[in-house]
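[1] could you work out the structure for the sequence below:
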Amino acid sequence: MSETFIDALKKRRSIYALDKNVKASKEEIVKAIQEAVKYAPSAFNSQSAHAVVLFGDESAKIWGEGGFAEAALRKVIPEGQSFESTAQKLASFNAGVGTVLFYEDQDVVKGLQEKFALYADNFPIWSEHSTGIAQFSVWTALAELGVGASLQHYNPLIDEAVQKEFDIPASWKLRAQMPFGNIAAPAAEKDFAPIDERVKVIG
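    All right, here's what the predicted structure looks like:
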């Protein structure tokens, strides 16, 4: 029996133990990300979701020692509080092969608000739906390749530094970061609440 969509969903987990021994090629990874973003649905087909894919040293500029994330976090962590656990977490992201940065184009959102004034209040909400769907699509596509990933949110702390370094358009708003790499250790078992309590069937 061929693999189903549900099987693919089950593969997608938060993988924190990463290394650089990925079997998929850089081209395969990029193609999977491109296809996932391309076919992720959006309100009014706005296609407001964007992704920036960083490999190697470019990804390390975010997660590496002295990188954007560390520099930003050291400014906000209370004096006297140990930075060791945070450094270990950042190092685990840096152990992978790359990072996907997820953005939403605010010019697109504002344009839709002006064009469809009746729904103006909803477009920022729908934009968040758009990025969430794109993130999930990419995450699942990577899992299908045997590439592990997790979803991080160091925005807005790193936004300005990342924007300057990678020449990101001013209208793009950073929504999430996804470090990825080879799965060095599987995710732990996951507990699920009774599905009948989460999905109600009427009729």
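
[2] list the buried ones in the longest helix along the chain?
    Counting residues, the longest helix found in the chain (DSSP state H) is helix 123-144. Within helix 123-144, the residues that count as buried by 16 or more other C-beta atoms under 10 Å are 123, 126-127, 130-135, 137-144. Using the backbone N, CA and C atoms, a C-beta is placed for each residue, glycine as well.

[3] what is the end-to-end distance of stretch 145-157?
    End-to-end span of stretch 145-157 (C-alpha to C-alpha, to the nearest Å): 31 Å.

[4] okay, buried residues for it please.
    Neighbour count says stretch 145-157 has Leu145, Val147, Gly148, Ala149, Ser150, Leu151, Gln152, Tyr154, Asn155, Leu157 buried, by 16+ other C-beta under 10 Å.

[5] can you map out the strands along this protein?
    Along the chain, the stretches classed as strands by DSSP state E are 18-19, 49-55, 98-105, 147-149, 172-183.

[6] to Phe83, which of those strands lies closest?
    Comparison of these against Phe83 by C-beta to C-beta identifies strand 172-183 as nearest, at 18.9 Å.

[7] below-threshold pLDDT in the chain: ranges please.
    The chain contains residues with pLDDT under 70 at 1-2.

[8] and the helices in it?
    Here the chain has its helices, by DSSP H, at 5-11, 26-39, 57-63, 68-76, 84-94, 106-115, 123-144, 159-166, 195-198.

[9] for Phe192, give its distance to Val201.
    Taking C-beta to C-beta, to the nearest Å as the measure, Phe192 falls 17 Å from Val201.

[10] could you list the alpha-carbon positions for the longest helix of the chain in PDB?
    Provided in PDB are the C-alpha atoms of helix 123-144 (Å, rounded to 0.1, in the frame of the first residue of the first chain):
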ATOM      1  CA  PHE A 123      -6.400  39.900   6.800                       C
ATOM      2  CA  PRO A 124      -3.700  40.000   9.500                       C
ATOM      3  CA  ILE A 125      -5.300  37.000  11.100                       C
ATOM      4  CA  TRP A 126      -5.500  35.100   7.800                       C
ATOM      5  CA  SER A 127      -1.900  36.000   7.200                       C
ATOM      6  CA  GLU A 128      -1.000  34.200  10.400                       C
ATOM      7  CA  HIS A 129      -3.000  31.200   9.100                       C
ATOM      8  CA  SER A 130      -0.900  31.500   5.900                       C
ATOM      9  CA  THR A 131       2.400  31.300   7.600                       C
ATOM     10  CA  GLY A 132       1.200  28.500   9.900                       C
ATOM     11  CA  ILE A 133       0.200  26.400   6.900                       C
ATOM     12  CA  ALA A 134       3.400  27.100   5.100                       C
ATOM     13  CA  GLN A 135       5.500  26.200   8.200                       C
ATOM     14  CA  PHE A 136       3.600  22.900   8.600                       C
ATOM     15  CA  SER A 137       3.800  22.100   4.900                       C
ATOM     16  CA  VAL A 138       7.600  22.600   4.900                       C
ATOM     17  CA  TRP A 139       8.000  20.700   8.200                       C
ATOM     18  CA  THR A 140       6.100  17.700   6.800                       C
ATOM     19  CA  ALA A 141       8.000  17.800   3.400                       C
ATOM     20  CA  LEU A 142      11.300  17.800   5.300                       C
ATOM     21  CA  ALA A 143      10.100  14.800   7.400                       C
ATOM     22  CA  GLU A 144       9.300  13.000   4.200                       C
END
